[in-house]
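**Q** Quick one, what's the 3D model for this:
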Amino acid sequence: MENDRGYFGQFGGAFIPEILSATFDQLEDAFIKAKSDQSFWHDYETLMQTYSCRPTPLTFAANLSRYFGGAKIYIKREDLNHTGAHKANNVIGQGLLVQRMGKTRVIAETGAGQHGVATATMAARFGFECTIYMGAKDVLRQRPNVFWMQRLGATVVPVESGCKILKDAINEALRDWATNMDNTHYVLGTACGPHPFPTMVAWLQSIIGQEARRQILEAEGKLPDRVYACVGGGSNALGLFSAFLDDPVELVGVEAGGDGIDSGRHASRLSAPDASVGIAQGYKTYFLQDQDGQMRETHSIAAGLDYVGVSPILSKLKESQRARFEAATDTEVLEAAALVMRLEGLIPALESAHAFVQAFKEAPQLSRDHSIIVNLSGRGDKDIFTIADAFDDPGWKEFILLKAHQYNA
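**A** Now for the predicted structure:
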């Protein structure tokens, strides 16, 4: 699907300043050599098995399947991956590349904090210096992850510019890289950005789909009818989708509908009419931008989906009609998360709950002979402040007030 210039149809490319050209050439060369070296994938899989609990299970959601009365619902358990999300798949692979390139420092951006924690974990494991850029707004709503990044030895830099969210963190990380490229690698967290990042991140995340394909065939004796994944930048979706691209399996990505598509307060690039094709942050894709090409403010209850752009690979899948994209509102997401907790004893990240929203809408339309897979891309421990506030939990409010009183005493 990709050509030799890093394009997927009209999307992708590498729109970078000349000062970064040599760094990107070095990265592309290291990636090409690693991809063609069977020992790299073997070392990667072995490390993921011994350090990150892979393969993650494919869990039959018996209670949810019974509740909706339609297709059998299976859940790919990336929440059991080390650091609590699919992010470890990418950062461990990039860590191995950093070793090959002989660099000693890593930087990263993070929104929900899961990628930041994963990068800080990887840096501790490999012995790299680590700096994480995080929008100031996300620092406040994802404080537990900030705490763990710092305990793991990373320096967390709150970004006060722009809207103080993920896109602004990416901009700051790129500025850092431009001035420290000799010893520093930018561990981009999703399948966006300049070539070769989209291809590289999607390749490392493909371990999700490879496992899920084997597991569903063992469980059902046939491929699933549909697979669902939330879509921010697109790495967990591409990880799952990659194994089924050449099969008659429907690929469904679910974006952040925020307060509703018509409200203008959302982060839906592929499922809403608001987005248009543009170039920003080093690549060409669909962005939420105004007529002058200025990036618009986005909104989502899930910090990891609160992003203005999307993977060029997913843009190509949309344009070719190989994948379908929907949106889930904040209200729907909270309802779906509550149902998964109550019926299956699983605590989904708010990002992952977006995928459940659409799966729950469509599962009853299918028969018992059908099966679907929902990618549980991460666990919801990190969202306790947001979820407790949204549910207006009285016990949680009492706890917060008590803590505030103790700190002020």
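**Q** helices and strands of this structure: which one bottoms out on pLDDT?
**A** Sorting the helices and strands of the chain by mean pLDDT, DSSP states H and E puts helix 384-390 at the bottom, at a mean of 84.
**Q** what helices or strands is that one leaning on?
**A** Using 3 or more C-beta pairs under 8 Å, 6 or more residues apart in numbering; DSSP states H and E as the contact definition, the elements that helix 384-390 packs against are helix 143-151, helix 330-344. Heads up, the C-betas are built off the backbone N, CA and C, glycines and all.
**Q** now the lengthiest strand in the chain and helix 330-344, what's the angle there?
**A** The strand spanning the most residues in the chain, taking DSSP state E as the definition, is strand 250-258. Between the axes of strand 250-258 and helix 330-344, defined by axes from the mean of the first three to the mean of the last three C-alpha atoms, to 10 degrees, the angle is 120 degrees.
**Q** contact partners of the next helix or strand after strand 250-258?
**A** Secondary structure here is assigned by DSSP states H and E; on that basis, the next helix or strand after strand 250-258 toward the C-terminus is strand 276-280. Strand 276-280 has contacts (C-beta atoms under 8 Å, 6 or more residues apart in numbering) with 10-11, 13, 15, 284-287, 289, 293, 295, 308-309, 315.
**Q** Could you tell me which residues within strand 276-280 count as buried?
**A** Taking 16 or more other C-beta atoms under 10 Å as the neighbour-count basis, strand 276-280 is seen to contain the buried residues 278, 280.
**Q** quick one: strands adjacent to it?
**A** Using DSSP bridges, the strands paired with strand 276-280 in its sheet are strand 283-287 (antiparallel).
**Q** Report the mean confidence score over the partner strand.
**A** Summarised as a single mean, pLDDT over strand 283-287 is 98.
**Q** again with stretch 363-377
**A** Mean per-residue pLDDT for stretch 363-377: 98.
**Q** follow-up on the earlier one: JSON lines please, covering the helices and strands packed on helix 384-390 and showing mean pLDDT, mean neighbour count and distance to Asn180.
**A** Formatted as JSON lines, those follow (pLDDT from 0 to 100; neighbours: other C-beta atoms under 10 Å; distance: least, C-beta to C-beta, whole Å):
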{"stretch": "helix 143-151", "mean pLDDT": "92", "mean neighbour count": "18", "distance to Asn180": "19"}
{"stretch": "helix 330-344", "mean pLDDT": "97", "mean neighbour count": "19", "distance to Asn180": "38"}
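**Q** related to what we said a few turns ago, send the alpha carbons of the least confident helix or strand of the chain over as CSV?
**A** What follows is helix 384-390, C-alpha atoms only, in CSV (Å, rounded to 0.1, in the frame of the first residue of the first chain):
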residue,chain,number,x,y,z
ILE,A,384,-10.1,7.4,37.6
PHE,A,385,-10.3,11.1,38.1
THR,A,386,-12.2,11.7,34.8
ILE,A,387,-14.6,8.8,35.3
ALA,A,388,-15.3,9.4,39.0
ASP,A,389,-16.0,13.1,38.2
ALA,A,390,-18.3,12.2,35.2
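**Q** Check which element follows it along the chain.
**A** Note on helix 384-390: by DSSP H and E, the next helix or strand toward the C-terminus is helix 394-408.
**Q** Where does pLDDT dip in the protein?
**A** Flagging of the chain using pLDDT under 70 yields the residue ranges 1-4, 409.
**Q** longest helix of it?
**A** Longest helix in the chain, counting residues (DSSP state H): helix 197-220.
**Q** Which residue, other than its chain neighbours, is closest to Glu211?
**A** What sits nearest to Glu211 in space, not counting adjacent residues and going by C-beta to C-beta, 6 or more residues apart in numbering, is Pro55, at 4.4 Å.
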